[in-house]
Every structure is written in C-alpha cells, then in structure tokens.
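In: got a structure for you, letters missing:
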C-alpha cells in the first residue's frame with residue numbers, strides 16, 4: 001500500500017495548531033511510519049507539491065499570499081482539513097474585519113502606534129498585500145473536514161488523522177471534539 005502524502009500549511013494564524021500537532025508526542029513516530037510529510041513549516045520544502053492526499057490548513061486567509069496559496073493547496077490536495085478556529089471561522093485573525101478596509105488597520109499599526117519612522121510598508125515582494133477582509137478557508141475554497149479548537153488538542157488531531165489513514169471520513173462528535181476555543 002502506498003504511503004499517504006501528508007502536508008500542513010500555515011496561513012494567517014499563530015502557529016498554535018502546528019504546536020498542538022507536535023503534542024502528538026510518540027504517536028508522531030507511528031504517523032511517520034505511515035505518511036510522507038511532503039510540505040510543512042516543519043520541513044524545508046519551497047513549493048507545494050502535486051498529489052497531496054491530506055493537508056491540514058492552519059490559519060485564515062488574510063493577505064494575497066494566503067489567497068494564492070490556498071488556491072494552489074486546494075487544486076493539488078485530495079482532502080483539505082480546516083485546522084483550528086482561525087481556519088474554520090477566521091477567529092482572532094478576523095478581529096480586524098469590523099474596522100472595514102485594510103487602511104484603518106495599517107494606519108493604526110504603522111502610523112499611530114509607531115515610536116519612530118512611522119510609515120506603512122509598501123515594498124512589493126517584502127510584505128504581502130493585506131486583503132480588506134480576513135476570511136475562513138471555506139469562504140475561498142471547498143473544505144472536506146473541519147477541525148475546530150484554538151488550538152485543537154492532540155486528541156482531536158489524532159481523531160481526524162487516524163480515520164484518514166484508514167481511508168475513512170472522520171466523524172467528530174460530542175463536546176470534546178466539536179467545542180470551539
């Protein structure tokens with residue numbers, strides 16, 4: 001049987017979901033025996049590969065780089081897991097949405113709160129252009145599995161990965177697996 005190609009992606013979030021993934025502790029050794037980690041912040045891979053079986057996507061879509069990345073990820077992945085509350089709902093990352101467009105956010109962060117050299121970064125290729133609204137992953141591409149939590153516990157992550165490794169669809173039920181936050 002071919003090894004499952006697993007990827008993880010980090011968009012607009014804090015990396016807490018990836019840290020929780022590492023909390024799988026010794027089960028990571030079992031997982032490593034069943035998958036090839038083909039893309040992740042944990043690995044030095046520059047381009048998202050073709051033919052990914054399962055991808056865990058952490059974070060919301062907050063800038064043009066995220067938008068481009070999530071479209072590539074969806075196109076090249078069979079099963080996309082919305083990994084954590086930011087990916088599922090926008091969560092903390094989307095707290096800037098009530099301010100309207102991106103201009104008030106940039107003004108507050110880079111001009112009003114600056115101690116020295118107040119200026120909004122604008123160098124192309126250095127700072128990705130922010131989108132006017134932060135959106136959860138499913139607002140941009142289709143999602144196959146939702147894994148809530150801020151961050152989701154290692155128990156929840158394992159409850160999603162184990163069935164996927166068997167070729168089954170995860171069935172998260174009950175407060176322990178569906179509670180946000």
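Out: Perfect, thanks for sending it. All values derive from a computational prediction rather than experimental measurement. Numbering: from 1, shown residues only.

In: give me every residue that touches the residue nearest to the spatial centre of the chain.
Out: The residue lying closest to the centre of the chain (CA atoms, centre = their mean) is residue 58, at 1.5 Å. Neighbouring residues of residue 58 by CB atoms under 8 Å, 6 or more residues apart in numbering: 8-11, 13, 15, 17-18, 83-84, 86-87. Where you see a C-beta, it was placed from the backbone N, CA and C, and this is true even at glycine.

In: and with 10 Å instead?
Out: 8-21, 41, 81-87, 137, 147, 151-152 (CB atoms under 10 Å, 6 or more residues apart in numbering).

In: I figured residue 17 hits residue 150, correct?
Out: Yes - using CB atoms under 10 Å, residue 17 is in contact with residue 150, at 8.4 Å.

In: hey, what's in contact with both of these two?
Out: Joint contacts of residue 17 and residue 150 (CB under 10 Å, 6+ apart) are 84-86.

In: Just give the nearest non-adjacent residue to residue 134, would you?
Out: Nearest non-adjacent residue to residue 134, counting by CB to CB, 6 or more residues apart in numbering: residue 94, 4.1 Å away.

In: Most neighbours of all the shared contacts of residue 17 and residue 150, which one?
Out: Comparing these by number of neighbours (other CB atoms under 10 Å), residue 84 comes first, having 32 neighbours.

In: Apart from its chain neighbours, what residue comes closest to that residue?
Out: Closest to residue 84 by CB to CB, 6+ apart is residue 17, at 3.9 Å.

In: just the strands in the protein please.
Out: 4-10, 35-39, 52-58, 61-63, 77-83, 130-135, 145-147 (DSSP state E).

In: Columns mean pLDDT on top of the ones you listed, output as JSON lines?
Out: Shown next, in JSON lines, are those (pLDDT from 0 to 100):
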{"stretch": "strand 4-10", "mean pLDDT": "97"}
{"stretch": "strand 35-39", "mean pLDDT": "97"}
{"stretch": "strand 52-58", "mean pLDDT": "98"}
{"stretch": "strand 61-63", "mean pLDDT": "97"}
{"stretch": "strand 77-83", "mean pLDDT": "98"}
{"stretch": "strand 130-135", "mean pLDDT": "95"}
{"stretch": "strand 145-147", "mean pLDDT": "95"}
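
In: can the ones you listed go into CSV with extra columns for distance to residue 173?
Out: CSV is the format used below for the strands of the chain (distance: least, CB to CB, whole Å):
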stretch, distance to residue 173
strand 4-10, 24
strand 35-39, 25
strand 52-58, 20
strand 61-63, 28
strand 77-83, 16
strand 130-135, 27
strand 145-147, 13
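
In: So which of those is nearest residue 112?
Out: strand 130-135 (16.5 Å; CB to CB).
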